[in-house]
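K.L.:
make a model of this:
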Amino acid sequence: LHRVDRRQRQMCIRDRVSTQSTGERSNNKKKKSKNMSIHFEESLIQTERFSFLITKGPSKECLKPYMRLLQEHNVVAVVRTCEPSYPTSLFEEHGITVYDWDFPDGQAPPKSILVKWSRLLHQVYDAPLDVNDPKPKTIAIHCVAGLGRAPLLVAVALVHSGMAPPKAVELIRSKRKGAFNAPQLKYIIKLHKKSKKSCIIS
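P.N.:
This is a model prediction of the structure:
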């Protein structure tokens, strides 16, 4: 009888430990899912003419909350400057066009992308205002971390519209710390010099 009692007690202890560890694992999973869900590190850059939403690249598991973020800011187009990592069908169902303009990380965009970027800016911001939709239209743009390629295209738009490079950099960095590396900063200054001679992205 004593032996049976000991065995039962040992089994009960094992069951408690097993139940606790299972509960801890489920709680940890819930915490991880909450932590990974809504962190897109978004930065809204607005001027009199433009409205840009810079984010880090969303994962395919987080597209629904990302979609809600885009809708909150009246996003009409998404530009991804990195390799595609998620399907675009959800955005297209809501009338948002996704443009794939991938170029190497840490580098300047090629002329072909600058031309496409200029056309998109004209299409979105030079169109007649929609009386039924008075909110400003926004272009969302992301790379992987949202610190290099994405803010660089935003800086191109700002400088091209007449903003001085230091002011453009300051504006973007005030909303997005760590944006731009040294070669990209040099590119923005060089871009400004070119813009004085001719139209740089048209």
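K.L.:
count of neighbours near the residue lying closest to residue 124 once chain neighbours are set aside?
P.N.:
Leaving aside its chain neighbours, residue 124 sits nearest to residue 137 (5.4 Å; criterion: Cβ to Cβ, 6 or more residues apart in numbering). For the C-beta atoms, the positions are set from N, CA and C on the backbone; glycine is no exception. Residue 137 sits with 17 neighbouring residues when counted by other Cβ atoms under 10 Å.
K.L.:
and the pLDDT for residue 137?
P.N.:
Listed pLDDT for residue 137 reads 94.
K.L.:
swap in residue 38?
P.N.:
For residue 38, pLDDT reads 55.
K.L.:
show me what contacts the most centrally placed residue in the chain?
P.N.:
With distances taken as Cα atoms, centre = their mean, residue 55 lies nearest the centre of the chain, 2.1 Å away. Residue 55 sits next to 40-43, 66, 69, 140-142, 146, 150 when contact means Cβ atoms under 8 Å, 6 or more residues apart in numbering.
K.L.:
and if you look at residue 51?
P.N.:
Neighbouring residues of residue 51 by Cβ under 8 Å, 6+ apart: 44-45, 73, 136-139.
K.L.:
let me see the backbone angles for it.
P.N.:
phi -140, psi 110 (degrees, to the nearest 10).
K.L.:
likewise residue 138?
P.N.:
phi -120, psi 140.
K.L.:
same thing with residue 174?
P.N.:
phi -70, psi -30.
K.L.:
the residue nearest to residue 124 and residue 125 touch, don't they?
P.N.:
Yes. Taking Cβ atoms under 8 Å as the definition, residue 137 is a contact partner of residue 125 at 7.3 Å.
K.L.:
residue ranges of the helices in the protein, please?
P.N.:
Secondary structure of the chain by DSSP state H: the helices cover 2-37, 63-72, 89-93, 111-125, 149-160, 165-175, 182-197.
K.L.:
buried ones in stretch 116-134?
P.N.:
Of the residues in stretch 116-134, 117-118, 120-121 count as buried by neighbour count, 16 or more other Cβ atoms under 10 Å.
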